[in-house]
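*Asks:* need coordinates for the following:
(2 chains)
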Protein chains: 2
Amino acid sequence: MRAYILSTGDEVLLGDIVDTNSSFLCRKLKNMGIQVQKIIAVGDELDTIASNINDISFKTDICLVTGGLGPTGDDLTALACGKAADQALELNLHALESMKSYFKRKGFQLTRENEKQAMLPVNAKMIINDNGTAPGFSIKLNRCLFFFMPGVPLEMKLMFEHQIKKMIINKFNLSDKILIERLTVFGLGESKAGFLLKEFENSYPEMRLGFRADFPIIEVKIVMSDSHMDKNKALSQIKEAKLWVIGKLENRVISTKGLSMAQEAGRLLTQQKKTLAIAESCTGGLIANMMTDIDGSSDYFIFSGVTYSNDAKINILNVQKKTIIDHGAVHEQTAFEMAQGVRQKAGADFALSTTGIAGPTGGTKARPVGMVCIGIAGDDFAKAKTYKFSFNDRLQNKTMFATMALELLRRHLADLEKNP
Amino acid sequence: MRAYILSTGDEVLLGDIVDTNSSFLCRKLKNMGIQVQKIIAVGDELDTIASNINDISFKTDICLVTGGLGPTGDDLTALACGKAADQALELNLHALESMKSYFKRKGFQLTRENEKQAMLPVNAKMIINDNGTAPGFSIKLNRCLFFFMPGVPLEMKLMFEHQIKKMIINKFNLSDKILIERLTVFGLGESKAGFLLKEFENSYPEMRLGFRADFPIIEVKIVMSDSHMDKNKALSQIKEAKLWVIGKLENRVISTKGLSMAQEAGRLLTQQKKTLAIAESCTGGLIANMMTDIDGSSDYFIFSGVTYSNDAKINILNVQKKTIIDHGAVHEQTAFEMAQGVRQKAGADFALSTTGIAGPTGGTKARPVGMVCIGIAGDDFAKAKTYKFSFNDRLQNKTMFATMALELLRRHLADLEKNP
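*Replies:* Numbering: from 1, shown residues only, chains lettered A, B, ... in the order given. Presented below is the predicted three-dimensional model:
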């Protein structure tokens, strides 16, 4: 079965926003075993939208339409649908009721402008919007079943996940037993990962692999959709496939549950009831920011000293002045003392430290842009090591340095988990 | 004049990537005064691409095509163009030469697979790719001038900026005297900004306004394109329009050069030769990370103490234990002492501090999610104030808290600049 996506709204064509709605819907449909054949984006023009709806209605089985359901004059999608279907709009009483209840919940007054949003084509079936004012609707035109959704990403996503997905599964007799396993991987690119896993489809023809890069982490997704086999058998098969993938990617797998590097480090710290302090020079607070993006991180994250100046390294982290004079700030000995200093100062179980050159300026032949010294310390060990990366971009370097530091902590904690 | 964009490649339709290429091209064309009428995304299927090219060739003046120029079997765009144009592909010697020189520069060997990339439709005009292996090309079909570009964003962007833009300007006699002024604004939403500036087009009909949201900052862009007036006159008119916009937005304008909040704060610190230290609780390193994303920030940024635990606030920032016991961590007195403590500890001219509830958990009736106390200190003053925001999202709260703290510093420095 095949699908089209029609995205409406001037803001996409003016380049003011990136059309993330379409990419979300493509991903969701793919996981349901439905291939999107074409995405079309047009502006807020009645005739253009109507002629595209008409055109699409002869070409595909399903079309998901986003945008243009709001209360203002440039919200024309329902009208365009009516025009394409040669149907008048009428006040849909179900839609009006659902809007009234939404407004009541929010304590707002329903205005005349809002009532316009309940005007739908005669044969349309209203879809409740629990998260905004604009109801959605579905309608069959020629061979195609259309679903009209709001353009606001959150409203669209919730309407799709909670309602439209089920309607599609029921209408087209799809299996809803979609199984997905996610692994996160660090230390190789998407194409290398694809190469290592190239035999997957031969070995597991009933499953598909997906890759998503979130620099420098890759998420590998194993999807088993539309399977008519017994649920337990399907579960045991996808588990087997997951082990096969882990076998190929080996220790580059950082989480077998799809967690980010910071989430996995946080999970291991929580589980082992340990705390963390960080001393950051070149990462400039990024590691702390990654850790504290996680709700509940105050359970294990105590302190990060973002010591950008040498004086701060000396005065706050107790790095020896002599170390900086003899070796400079970017040196393993400095990273070593930073990690030990911050661990002691904060009274943490573990400490990480970074000092390096994020660039684009500040590099030398001996200490080029992309070089970083990372320290790690615990109650019975402390060490520091130098890494060299080849990015020219400051933000990429910061991200890679921060991820590498957390990887050292993750490896250490994962080893402790295996050999307590 | 109107344009279409055709984006080719399975990865967009599978939802593996978001189509940022199209949004980039829409923005660039808009700045040249060209309105994009339709964006179409299709997969790597020869017949689908060919029929779309054929269809588009009757409907618009310009079409920008991205993707499918690579060396592998699923790179079919040149072939599809030949099919639509009813032209055979031939080895384009200019294209082959430019590839040879690219490979030579990179020290690689040109393979047979790469040679395929120099096979272009007979009437195509090759466009050099300085940043990758795939040459682009332009070709006129029916009423439409097509430009074919690689799908790799960096290669596409550089090819457009350095070559195709000029080709379009020359071909269609556009003015290349595009003037753009950018302002960044904090403290109001896009729709409110649009409302305040709604008279702009009446007052300045030869210019356009654009808005771009980078939460919680809005960029307002004044664009004067395709102007045939004298350069000096145009310059003085856009300056006048800029003053008009500033008059409407008043002190919500944070930079009249389009700088981000952190860049503007950094610019003022640099100019006034002052240094900054930060004490971050609820922002968890985000302020430090925003500051250190700027190359050269080591000139003014000394230290941030990310004190997530109460002990760290007491031991490292010298917050009074009694303050925390009497008032709790989220309190103006705590923020006040954090700012003073970190300023003294780091020996900085100015200090900022944040302590609050980013959520989604941890809120109470008295101290709800979204509440933050922000402190600021200099050599002759220190104060702290409470702000309440209504986001339910942890990352939005962190971003808003961090931006608000930098805004307090920016206002203080801007006042000093005016009244030294």
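*Asks:* name the residues of the stretch 151-300 of chain A found near chain B, please.
*Replies:* Within the stretch 151-300 of chain A, the residues that sit near chain B (CB under 8 Å from any CB of the partner chain) are A:210-212, A:278, A:280, A:283-289, A:291-293, A:295-298. C-beta coordinates here come from the backbone N, C-alpha and C atoms, glycine included.
*Asks:* inside strands: which ones of the residues you listed?
*Replies:* Cross-referencing these with the strands (criterion: DSSP state E) gives A:210-212, A:278, A:280 as the overlap.
*Asks:* can you list the residues you listed in a markdown table and add neighbour count and pLDDT?
*Replies:* Rendered in a markdown table, the data for those read as follows (neighbours: other CB atoms under 10 Å in any protein chain shown; pLDDT from 0 to 100):
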| residue | neighbour count | pLDDT |
| --- | --- | --- |
| A:210 | 17 | 80 |
| A:211 | 17 | 79 |
| A:212 | 17 | 76 |
| A:278 | 33 | 98 |
| A:280 | 32 | 98 |
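*Asks:* can I get the helix or strand containing residue A:352 in PDB? Just the C-alpha atoms.
*Replies:* In the assignment (DSSP states H and E), residue A:352 maps to strand A:350-356. As requested, C-alpha coordinates have been extracted for strand A:350-356 and formatted as PDB (Å, rounded to 0.1, in the frame of the first residue of the first chain):
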ATOM      1  CA  PHE A 350      33.700   9.600  39.900                       C
ATOM      2  CA  ALA A 351      35.100  12.600  38.000                       C
ATOM      3  CA  LEU A 352      35.600  13.400  34.300                       C
ATOM      4  CA  SER A 353      37.800  16.200  32.900                       C
ATOM      5  CA  THR A 354      38.400  17.700  29.500                       C
ATOM      6  CA  THR A 355      41.000  20.100  28.200                       C
ATOM      7  CA  GLY A 356      41.600  20.600  24.500                       C
END
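*Asks:* and that strand, what does it pack against?
*Replies:* strand A:276-280, helix A:332-346, strand A:371-377, helix A:394-418 (3 or more CB pairs under 8 Å, 6 or more residues apart in numbering or on different chains; DSSP states H and E).
*Asks:* residue B:110: which of these is closest?
*Replies:* Proximity of the helices and strands packed on strand A:350-356 to residue B:110 was assessed by CB to CB; the nearest stretch is helix A:394-418, lying at 29.1 Å.
*Asks:* next, the buried residues of stretch A:375-385.
*Replies:* Applying a neighbour-count criterion of 16 or more other CB atoms under 10 Å in any protein chain shown, the buried positions in stretch A:375-385 are A:375-378, A:382, A:384.
*Asks:* and which of the residues you listed is nearest residue A:25?
*Replies:* Each of the buried residues of stretch A:375-385 was scored against residue A:25 by CB to CB, and residue A:376 proved nearest at 42.9 Å.
*Asks:* could you measure from that closest one over to residue A:353?
*Replies:* 8 Å (CB to CB, to the nearest Å).
*Asks:* again, but for residue A:309
*Replies:* In terms of CB to CB, residue A:309 sits 15 Å off from residue A:353.
*Asks:* more neighbours: the two, which one.
*Replies:* Set side by side, residue A:309 and residue A:353 show more neighbours around residue A:353, with 35 against 20, by other CB atoms under 10 Å in any protein chain shown.
*Asks:* give the contact list for the more buried one.
*Replies:* Listed by CB atoms under 8 Å, 6 or more residues apart in numbering or on different chains, the contact partners of residue A:353 are A:278-281, A:335-336, A:338-339, A:342, A:374-377, A:384, A:405.
*Asks:* same question, residue A:181
*Replies:* A:221-222, A:238-239, A:241-242.
*Asks:* between those residues, which is closest to chain B?
*Replies:* Distance to chain B, by CB to the nearest CB, is smallest for residue A:221 among those, at 9.9 Å.
*Asks:* tell me which element that closest one falls in.
*Replies:* Taking DSSP H and E as the criterion, the element that holds residue A:221 is strand A:217-224.
*Asks:* give me the angle between the following helix or strand past that strand and strand A:217-224.
*Replies:* Following strand A:217-224 in sequence order, the next helix or strand is helix A:231-249 (DSSP H and E). Between the axis of helix A:231-249 and that of strand A:217-224 there is an angle of 150 degrees, by axes from the mean of the first three to the mean of the last three CA atoms, to 10 degrees.
*Asks:* which neighbouring elements make contact with helix A:231-249?
*Replies:* For helix A:231-249, the helices and strands in contact under the criterion 3+ CB pairs under 8 Å, 6+ apart are strand A:179-186, helix A:190-196, helix A:200-203, strand A:217-224.
*Asks:* can you give me the buried ones in that helix?
*Replies:* For helix A:231-249, burial by neighbour count (16+ other CB under 10 Å) applies to A:234, A:237-238, A:241-242, A:244-246, A:248-249.
*Asks:* swap in stretch A:340-347?
*Replies:* A:340-343, A:345-346.
*Asks:* and the pLDDT for the residue lying closest to residue A:241 once chain neighbours are set aside?
*Replies:* Using CB to CB, 6 or more residues apart in numbering or on different chains and skipping the chain neighbours, the partner closest in space to residue A:241 is residue A:204 (4.7 Å). Looking at residue A:204, its pLDDT reads 93.
*Asks:* next up, the contacts around residue A:204.
*Replies:* Residue A:204 makes contact with A:222, A:237, A:241, A:244, according to CB under 8 Å, 6+ apart.
*Asks:* how much space separates it from chain B?
*Replies:* 18 Å (CB to the nearest CB, to the nearest Å).
*Asks:* and that residue, backbone torsions?
*Replies:* Backbone torsions for residue A:204, taken as degrees, to the nearest 10, come to phi -130, psi 70.
*Asks:* is it true that residue A:44 touches residue A:10?
*Replies:* Yes - applying CB atoms under 8 Å as the test, residue A:44 and residue A:10 come out as touching, 5.1 Å apart.
*Asks:* identify the contacts common to these two.
*Replies:* residue A:74.
*Asks:* burial check on the residue lying closest to residue A:67 once chain neighbours are set aside, number of neighbours?
*Replies:* Leaving out its chain neighbours, the residue that sits closest to residue A:67 by CB to CB, 6+ apart is residue A:151, at 3.2 Å. Neighbour count of residue A:151, defined by other CB under 10 Å: 23.
*Asks:* any stretches of the stretch 101-250 of chain A with poor pLDDT?
*Replies:* A:175-177, A:225-228 (pLDDT under 70).
*Asks:* please repeat the previous calculation with a cut-off of 80.
*Replies:* Under the criterion of pLDDT under 80, the regions of the stretch 101-250 of chain A flagged as low confidence span A:106-108, A:112-113, A:175-178, A:189-191, A:211-213, A:225-229.
*Asks:* please tell me how far stretch A:110-122 is from the chain's geometric centre.
*Replies:* The chain centroid and the centroid of stretch A:110-122 are separated by 35 Å under CA atoms, centre = their mean, to the nearest Å.
*Asks:* show me which positions of it end up buried.
*Replies:* Neighbour counts over stretch A:110-122 (16+ other CB under 10 Å) mark A:110, A:114, A:116-121 as buried.
*Asks:* chain B: which of those residues is nearest?
*Replies:* Relative to chain B, the closest of the buried residues of stretch A:110-122 is residue A:114; by CB to the nearest CB it sits at 16.1 Å.
*Asks:* verify the stated contact: residue A:196 with residue A:246.
*Replies:* No - contact status for residue A:196 versus residue A:246: not in contact, 11.3 Å apart, counting by CB under 8 Å.
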